[in-house]
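Trainee: just a sequence and a predicted model for now, questions to come.
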Amino acid sequence: MRRLRLWALMLPVLLLPGTAAADALIRTQAMLATTIAEYFVEEDRVRVELEIGMGDIETFANLLPDDPYRALGREPQPFSERLARFFEHDLTVAADGKRLPGRLTRVEPRVRLRRDDITGEPLPAGEEEEGEPVVFARLEYALEGRPAQITFYGPRSGPASVGFVVYHGAVAVNDFRYLVPAQTLMLDWEDPWYSRFQARGLRRQYFAPMAGFIYVDPYEVRKEIIARPLDLQRFIDLGLEGKSTISPETQPELLRRVAEFLREHHPVEIDGVAVEGELARINFLERTLKTSRVVDSAEELDVHAAVIGAIFVYPTDGLPERVTMDWDLWMDRAPMIPCASVDQAGPLPTFLEPDFRVLEWRNFLKNPELPTLTVLRPPPGMLQRAMSVWGRWLLLAAAVLTLALWARRRDRGSAVAAVALLALFGAGFWWSRDAALSDERAGEVVGGLLHNVYRAFDFRDEERIYDLLAESASGDLLEQIYLETRRGLELQGQGGARARVKEVEVTELSARSAEAGAFAATTTWNVGGSVGHWGHVHQRRNRYRAELRVAPLDGAWKLVDLEVLEEERL
């Protein structure tokens, strides 16, 4: 009954003339095509899940039940005959040149899945979103044995905009692309990672089983290695022989063994000196066209799709002039290794080969950004504060009285005293000007303190970070700022990768005086930064609104209290 009601609701949409024929013309990204087709190559079948948009409904009309079919103005025809014609002509799949028999296992109206506009991956539906109506269909094409190749044919009953992706087992063979009349997939049944389309344009971005990256930052060089454990099995026994999955229980030991193995490979030199790195992180990864994320250790992983990322850190004194990494792991099935050297100017990608095996970075940065701290003017002393409140006005009053006395007596002593008092008033006014609280002066202090807090994390060494934070914050707030700032700079799902701040901008501030020379301020500021990680450079920009309290301690301004009121990702 529920499905009948959904079909009834969809009938008016089906009856609209030319509903989305024009809509398909403006689509420029395959994951936003009118129709989405996901193919799953399994041992005994090819399974297809379709989301048919209204603009393509005429092309896929043979899949529709009788009532919606007639709603399109079609002459009634037996559903079984229409279905047979669909698999023979409308959406055909062939194995080794032989057309596969197909069957329809499900067809129903649904709401279109929201997808990432780059990867095409499904996104959570919004609570209040109604969504675009589509016809969902699940098809199956029977396989006999393990064919060497499968050809996917696009619809031939009419124009259609179809975005498609093919999975062989758990491995996505291609990134989302448009389905053209015929695409042939060469199958590797022993290791689906190496299944590939004949058309080079359908090769997925992360086709290589290994990759390497060098990141050069002030005071730190990082080496990042990405590799499939199943390929590392060729060099070291990881216990994966004959296994189809990697269980959560075995993952920690496998990661440990991979880390020890990689520690001895891909040696790094900094300014001509061989260096030993410290393992910072090693995780299982899930890689997509847009991002790489750390996989939850509780997940069971398909052995063919599993990928590991390891990061080794090499501390440096400032910014080096030359860094090299020698790639020393080669396989016949991976003659080229995608790599990149990354610095403040961005990534410089390349491919390494056995005859060109050294990834090199040279310092061609003309104006490198080195971590610098803002030097703040010290807070006013007690005498300055007293002068700003009443002292200078006493001097002015005394000067005025002396001038009045001189006007009556006309003697030289009164004139000299009046001039001296006026000079002292001017000097006192100038000297005590910084003691007077203003939003501008408070903004300078708060902006400098925030800049120094974020810049402290550029140094990466935890003890050094804590020492620098202690110059800008005090008491119990020191630990809170350390934890909160570190959390704000870390990328979610990236195993602790931390952004490097490039910009701190105070956009709003309202200050008010407090006791003992302190002041409170309601402050809004933006933080912009980036982090190079797993071959990507992620841009990060956050906005914060907080209540701050700043006090003079040990001759310097320090944050003594902070309450974050709002936090927003921009």
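Mentor: Structure's in. What do you need?

Trainee: for this protein, what helix or strand is lowest in average pLDDT?
Mentor: helix 21-25 (a mean of 32; mean pLDDT, DSSP states H and E).

Trainee: let me know the next secondary structure element after that helix.
Mentor: The element immediately downstream of helix 21-25 (helix or strand, assigned by DSSP states H and E) is strand 35-41.

Trainee: who are the packing partners of that next one?
Mentor: Judged by 3 or more Cβ pairs under 8 Å, 6 or more residues apart in numbering; DSSP states H and E, the packing partners of strand 35-41 are strand 45-52, strand 162-168. No exception for glycine: its C-beta is placed from N, CA and C like everyone else's.

Trainee: what packs against the last one?
Mentor: So the one you mean is strand 162-168. With contacts taken as 3+ Cβ pairs under 8 Å, 6+ apart, strand 162-168 sits against strand 35-41, strand 177-178.

Trainee: mind listing the strands for the stretch 101-250 of the chain?
Mentor: Taking DSSP state E, counting those that start in this stretch, the strands of the stretch 101-250 of the chain run over residues 102-111, 133-142, 149-153, 162-168, 171-172, 177-178, 182-186, 196-197, 210-217, 220-227, 245-246.

Trainee: can you report how many residues neighbour Gly73?
Mentor: Number of residues near Gly73 (other Cβ atoms under 10 Å) recorded here: 10.

Trainee: tell me how far it lies from Ala61.
Mentor: In this view, Gly73 and Ala61 are 10 Å apart by Cβ to Cβ, to the nearest Å.

Trainee: any stretches of the stretch 251-400 of the chain with poor pLDDT?
Mentor: Within the stretch 251-400 of the chain, the segments meeting pLDDT under 70 span 288-292, 297, 379-400.

Trainee: nope, the stretch 401-550 of the chain is what I was after
Mentor: Using pLDDT under 70, the stretch 401-550 of the chain drops low at 401-437, 460, 486, 488-499, 531-538.

Trainee: ranges for the helices of the stretch 351-500 of the chain?
Mentor: 382-386, 392-409, 412-431, 439-456, 462-469, 477-489 (DSSP state H, counting those that start in this stretch).

Trainee: show me what the fourth one is packed against.
Mentor: Yep, that's helix 439-456 we're talking about. helix 462-469, helix 477-489, strand 500-513, strand 519-533, strand 536-553, strand 556-569.

Trainee: the domain parsing of the protein - what is it?
Mentor: 2-202, 210-362, 382-431, 439-569 (automatic domain parsing).

Trainee: can I get these in a markdown table including distance to Leu376?
Mentor: Converted to a markdown table, the domains of the chain look like this (distance: least, Cβ to Cβ, whole Å):
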| stretch | distance to Leu376 |
| --- | --- |
| domain 2-202 | 43 |
| domain 210-362 | 22 |
| domain 382-431 | 15 |
| domain 439-569 | 5 |
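
Trainee: state the distance from the nearest residue to Asp66 once chain neighbours are set aside to Pro68.
Mentor: Distances taken as Cβ to Cβ, 6 or more residues apart in numbering place Phe79 nearest to Asp66, at 6.1 Å, with adjacent residues excluded. Distance from Phe79 to Pro68, counting by Cβ to Cβ: 11 Å.

Trainee: do the same with Arg545
Mentor: Arg545 is 52 Å from Pro68, by Cβ to Cβ.

Trainee: more neighbours, these two?
Mentor: Using other Cβ under 10 Å, the more surrounded residue of Arg545 and Pro68 is Pro68, with 22 against 15.

Trainee: can you verify the more buried one is assigned to a strand?
Mentor: No. Per DSSP: H, G, I helix; E, B strand; the rest coil, Pro68 lies outside any strand segment and is helix.

Trainee: kindly state the pLDDT recorded for it?
Mentor: pLDDT for Pro68: 86.

Trainee: ok, now the one 5 residues further on?
Mentor: Predicted confidence (pLDDT) for Gly73: 86.

Trainee: show me where pLDDT drops low in the stretch 1-150 of the chain?
Mentor: Checking the stretch 1-150 of the chain against pLDDT under 70 turns up 1-28, 116-130.

Trainee: touching, Glu508 and Asn526? I think so.
Mentor: No. Glu508 is beyond contact range of Asn526, at 10.3 Å (criterion: Cβ atoms under 8 Å).

Trainee: neighbour count: those two, which is higher?
Mentor: Asn526 (15 against 12).

Trainee: excluding residues flanking it in the chain, which one is nearest the more buried one?
Mentor: Glu505 (4.8 Å).

Trainee: burial of that neighbour, as a residue count?
Mentor: 13.

Trainee: would you check how far apart it and Thr524 are?
Mentor: Taking Cβ to Cβ as the measure, Glu505 falls 10 Å from Thr524.

Trainee: with Phe356 instead?
Mentor: Phe356 is 51 Å from Thr524, where distance means Cβ to Cβ.

Trainee: then Glu241?
Mentor: Using Cβ to Cβ, we find Glu241 at a distance of 58 Å from Thr524.

Trainee: residues near Ala340, how many?
Mentor: Count around Ala340 with other Cβ under 10 Å applied: 22.

Trainee: for whichever strand or helix holds it, which strands pair with it and how are they oriented?
Mentor: Assigning secondary structure by DSSP H and E places Ala340 in strand 337-343. Sheet pairing for strand 337-343, assigned by DSSP bridges, gives strand 210-217 (parallel), strand 346-352 (antiparallel).

Trainee: noted, bye for now.
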